[in-house]
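Undergrad: give me the fold of what follows.
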Amino acid sequence: MKKFICIRYLLIFVAVVVLGTTSYLIYKHSFPNDKKHAYDNALLSLSETSEIDRQKADAENQKQAEEAKKAEELKRQEEARKAEELKKQEEAKKAQEVKKLEESKKPQPEKQPETPAQKSLIEALAPRLGISRQAMIVIGSSTSSVNTTFEVYEKDENGVWNKKWTFPSVIGYNGMSTKHVEGDGTSPMGIHNFLFMFGSAENPGVKMEYRKTRPGDYWISDVHSPHYNEWVHYDGDRSDLGNPKDIEDLYAIKSYKYAAALDYNYGGKRVIGKGSAIFLHIRGGSSTAGCVALSEDNLLKVLKWMDPAKSPKIVIGTEAYLRSLK
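TA: Residues are numbered from 1 along each chain as shown. The predicted model follows:
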């Protein structure tokens with residue numbers, strides 16, 4: 001019985017030893033495998049993380065490369081545009097130079113000299129006015145015109161002629177002529193100076209010599225008189241001086257209340273029959289016998305304005321005639 005119990009305990013001991021050894025061996029072998037497995041899992045996880053980072057880096061590099069390529073393409077396009085623009089500018093410049101060269105080879109029309117017609121009438125007349133700084137221009141639309149335009153000009157300190165007034169005026173009943181003769185009813189065309197002023201009224205305040213007329217003052221237009229185209233004073237019968245119709249009563253004629261005598265066919269240059277008694281006076285009708293006439297108000301403006309220090313002149317003619325004067 002004791003023997004049986006010993007064997008029994010021995011078997012139990014052996015079983016415990018075997019079971020312990022087996023468990024130990026299993027534990028021993030299984031623990032390193034678990035560590036390896038964990039290590040492999042760590043490596044796998046690290047590998048997967050690196051792959052993701054690499055993919056991200058590749059994607060970023062690709063994006064940067066594409067952006068750089070796009071920027072390079074835009075730069076190339078901009079350079080191409082500038083080059084094309086520069087090429088067009090150079091071509092346009094070259095075309096312009098060619099055009100200029102061709103135009104320079106063409107025969108150029110002769111430059112026409114400036115004619116009086118290209119200037120104002122007073123500028124065209126200026127060379128003929130000499131030292132005068134005051135001018136009156138009596139302009140007719142034709143030589144047969146009775147109604148004329150009376151333009152008044154004055155030259156300033158800079159030598160520029162400025163228009164002062166424009167008035168309506170009348171002249172001889174037959175218009176105007178370059179060949180005026182006694183009794184033809186025309187006003188003499190041309191440029192004339194003044195002799196003096198006169199009138200039956202008191203001096204209105206003029207700067208030029210003013211002669212107040214009185215009974216017996218006459219202007220002789222009789223071609224047979226030795227006093228032809230002169231002012232004379234005679235207290236007797238004027239018929240004693242010649243043909244009464246050719247002797248003007250300077251005191252009695254109302255148009256001579258104020259007047260200015262033109263230096264026409266007067267004094268040493270007098271030619272018998274070439275015309276006489278050419279005055280600037282007050283308008284008394286629709287025409288004159290050869291004088292120039294203005295309204296009284298306008299005449300007084302002109303007479304008071306005239307200054308002997310400025311050598312006033314009066315010019316009579318059509319515009320075409322006046323521009324033709326040399």
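Undergrad: what residue ranges in this protein score low on pLDDT?
TA: 1-10, 13-50, 106-118 (pLDDT under 70).
Undergrad: hmm, 90 instead?
TA: 1-119, 326 (pLDDT under 90).
Undergrad: domain ranges for it?
TA: Domain assignment of the chain by automatic domain parsing yields the ranges 1-78, 121-324.
Undergrad: highest mean neighbour count out of these?
TA: Among the domains of the chain, domain 121-324 has the highest mean neighbour count (mean count of other Cβ atoms under 10 Å), at a mean of 17. To be clear about C-beta, it is placed using only N, CA and C from the backbone, and glycine gets the same treatment.
Undergrad: what's the span of that one, first residue to last?
TA: 11 Å (Cα to Cα, to the nearest Å).
Undergrad: can you give the distance of that domain from its chain's centre?
TA: The chain centre lies 40 Å from the centre of domain 121-324; the measure is Cα atoms, centre = their mean, to the nearest Å.
Undergrad: output stretch 230-243 as CSV, restricted to C-alpha atoms.
TA: This file holds the C-alpha atoms of stretch 230-243, laid out as CSV (Å, rounded to 0.1, in the frame of the first residue of the first chain):
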residue,chain,number,x,y,z
GLU,A,230,-8.5,177.8,-103.5
TRP,A,231,-10.2,179.4,-100.5
VAL,A,232,-10.8,183.1,-101.0
HIS,A,233,-12.5,185.8,-99.0
TYR,A,234,-14.5,188.4,-101.0
ASP,A,235,-17.0,190.9,-99.6
GLY,A,236,-18.5,191.8,-102.9
ASP,A,237,-20.8,189.8,-105.3
ARG,A,238,-19.4,186.3,-105.7
SER,A,239,-20.2,186.4,-109.4
ASP,A,240,-17.3,188.7,-109.6
LEU,A,241,-15.1,185.8,-108.8
GLY,A,242,-16.4,183.6,-111.7
ASN,A,243,-19.3,181.4,-112.5
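Undergrad: which one, of the domains of the chain, ends up nearest to Lys94?
TA: With Cβ to Cβ as the criterion, Lys94 lies closest to domain 1-78 of the domains of the chain, at 24.4 Å.
Undergrad: which parts of the chain are helices?
TA: Chain-ordered helices for the chain, with DSSP state H as the definition, fall at 2-105, 121-125, 296-305, 319-324.
Undergrad: mind listing what Lys257 touches?
TA: Contact analysis of Lys257 by Cβ atoms under 8 Å, 6 or more residues apart in numbering lists Gly199, Ser200, Ala201, Ile282, Glu296.
Undergrad: ok, the first one touching Lys212?
TA: Yes: between Gly199 and Lys212 there is a contact under Cβ atoms under 8 Å: 6.7 Å.
Undergrad: ok, the contacts of Lys257 vs Asp217, which is closest?
TA: For these, the minimum distance to Asp217 (Cβ to Cβ) is 9.0 Å, reached by Ser200.
Undergrad: for that closest one, what are phi and psi?
TA: phi -80, psi -20 (degrees, to the nearest 10).
Undergrad: where's it relative to Trp219, distance?
TA: Remark: distance between Ser200 and Trp219 (Cβ to Cβ, to the nearest Å) = 13 Å.
Undergrad: Ile137 contacts Trp161, doesn't it?
TA: No: between Ile137 and Trp161 there is no contact under Cβ under 8 Å: 10.3 Å.
Undergrad: intersection of neighbour lists for the two?
TA: Contacts common to Ile137 and Trp161, judged by Cβ under 8 Å, 6+ apart, are Ile122, Tyr153.
Undergrad: is it true that Ile122 touches Ile137?
TA: Yes: counting by Cβ under 8 Å, Ile137 is a contact partner of Ile122 at 7.0 Å.
Undergrad: identify the contacts common to the two.
TA: Glu151, Tyr153.
Undergrad: no further queries at this time; thank you.
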